[in-house]
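Trainee: just the structure for this:
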Amino acid sequence: MTEVRRLLRETDLPLDAVAARTGLRDATYLVRRFRDRYDITPQRWRRTQRARP
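Mentor: Model (predicted):
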């Protein structure tokens with residue numbers, strides 16, 4: 001999940017590409033795992049990280 005967060009923060013890759021690069025089977029599975037671990041969706045997390053100064 002550390003690499004997922006890095007890719008979300010530093011790139012504009014779609015979730016399918018992030019999933020593929022981090023060994024997860026698809027975007028749906030990535031969203032489920034991310035939300036279970038961090039209690040936020042990857043899309044929302046990405047927006048909050050980019051809103052920071």
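
Trainee: which secondary structure elements does the lowest-mean-pLDDT helix or strand in the chain contact?
Mentor: Scoring the helices and strands of the chain by mean pLDDT, DSSP states H and E places helix 42-51 at the bottom, with a mean of 93. Counting contacts by 3 or more Cβ pairs under 8 Å, 6 or more residues apart in numbering; DSSP states H and E, helix 42-51 packs against helix 2-10, helix 15-21, helix 27-38. Where you see a C-beta, it was placed from the backbone N, CA and C, and this is true even at glycine.

Trainee: can you tell me which of the ones you listed is nearest to residue 52?
Mentor: Nearest of the helices and strands packed on helix 42-51 to residue 52, taken as Cβ to Cβ: helix 2-10 at 9.6 Å.

Trainee: and the closest one, C-alpha only, in PDB?
Mentor: Written as PDB, here are the backbone C-alpha positions of helix 2-10 (Å, rounded to 0.1, in the frame of the first residue of the first chain):
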ATOM      1  CA  THR A   2       3.000   2.300   0.400                       C
ATOM      2  CA  GLU A   3       3.700   2.200  -3.300                       C
ATOM      3  CA  VAL A   4       0.000   2.600  -4.100                       C
ATOM      4  CA  ARG A   5      -0.100   5.800  -2.000                       C
ATOM      5  CA  ARG A   6       3.100   7.100  -3.700                       C
ATOM      6  CA  LEU A   7       1.700   6.500  -7.100                       C
ATOM      7  CA  LEU A   8      -1.600   8.200  -6.200                       C
ATOM      8  CA  ARG A   9       0.300  11.200  -4.800                       C
ATOM      9  CA  GLU A  10       2.900  11.600  -7.500                       C
END
